[in-house]
Every structure is written in structure tokens, then in C-alpha cells.
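> Below is the sequence, then the predicted model.
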Amino acid sequence: MGMPEALAAGPDTFIDRRSYSSYEGPPDRERRQFADGHDELSCEAKELAQAIDAYKLMHRRRFITHEEMLGVVKSLGYRR
């Protein structure tokens, strides 16, 4: 019996364990944290959620900072 692949590769070698069995390469879309949760929101909250999701996709971010969220809110026209 040989060594498991992870041990044989060495401690500094990255092994990509993701499986894309149905096609080549990673999925076209990343999973979004609240992708299914927009249905029960008010119109305004839904607009904010969609704007944040669009920002995340555009900037390839899974999470955003408070400053980034403030920028999204201001981009929707909200002012203090």
C-alpha cells in the first residue's frame, strides 16, 4: 500500500480536492450567501440585497467590509 496522495505530495504542495465531475473547470457562478433569501424582503431591502450581491460578484468578494456596504448604500441614492 502506498502513501496517501496528500502525504506523498509533501507538506508545501497544494492539492485541489474540488470535484467538477459534470464538466471541466469551476462553476460559472459562485454561491451567494443570501441567494434564496430575497423573496420575503420588502422592495427596498430586496434592492439593497441585490445591489450587495452585484457588488460581490463584480469585485469577486464573498464578504464585504462596512465601508464597502456604505458605498453600495450610497450608490443606491441613500443620504444621511
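Done, it's in.

> what mean pLDDT does stretch 37-54 have?
For stretch 37-54, the mean pLDDT works out to 90.

> So which bits of it are buried?
For stretch 37-54, burial by neighbour count (16 or more other Cβ atoms under 10 Å) applies to 48, 49, 52, 53. Just so you know, the C-beta spots here come from the backbone N, C-alpha and C atoms, and that holds for glycine as well.

> other SSEs contacting the strand or helix carrying residue 68?
Per DSSP states H and E: residue 68 is located in helix 66-75. When contacts are defined as 3 or more Cβ pairs under 8 Å, 6 or more residues apart in numbering; DSSP states H and E, helix 66-75 sits against helix 43-58.

> where in this protein is pLDDT low?
Within the chain, the stretches with pLDDT under 70 are 1-11, 15-36.

> change it to 90
1-40, 80 (pLDDT under 90).

> looking at it, residue 73 is touching residue 48, isn't it?
Yes: counting by Cβ atoms under 8 Å, residue 73 does reach residue 48; the two are 7.0 Å apart.

> Confirm for me that residue 47 is in contact with residue 76.
Yes: if you go by Cβ under 8 Å, residue 47 and residue 76 touch, sitting 6.6 Å apart.

> What separation is there between residue 38 and residue 67?
24 Å (Cβ to Cβ, to the nearest Å).

> which residues touch the helix holding residue 68?
48, 51, 52, 55, 59, 61, 64 (Cβ atoms under 8 Å, 6 or more residues apart in numbering).

> Using PDB, write out the CA atom coordinates for it.
Only the C-alpha atoms of helix 66-75 are listed here, as PDB (Å, rounded to 0.1, in the frame of the first residue of the first chain):
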ATOM      1  CA  HIS A  66     -18.700  48.100   6.400                       C
ATOM      2  CA  GLU A  67     -17.100  50.700   4.200                       C
ATOM      3  CA  GLU A  68     -17.900  48.700   1.000                       C
ATOM      4  CA  MET A  69     -21.500  48.300   2.200                       C
ATOM      5  CA  LEU A  70     -21.800  52.000   2.900                       C
ATOM      6  CA  GLY A  71     -20.600  52.600  -0.700                       C
ATOM      7  CA  VAL A  72     -23.300  50.300  -2.000                       C
ATOM      8  CA  VAL A  73     -26.000  52.000   0.100                       C
ATOM      9  CA  LYS A  74     -24.800  55.400  -1.200                       C
ATOM     10  CA  SER A  75     -24.800  54.100  -4.800                       C
END
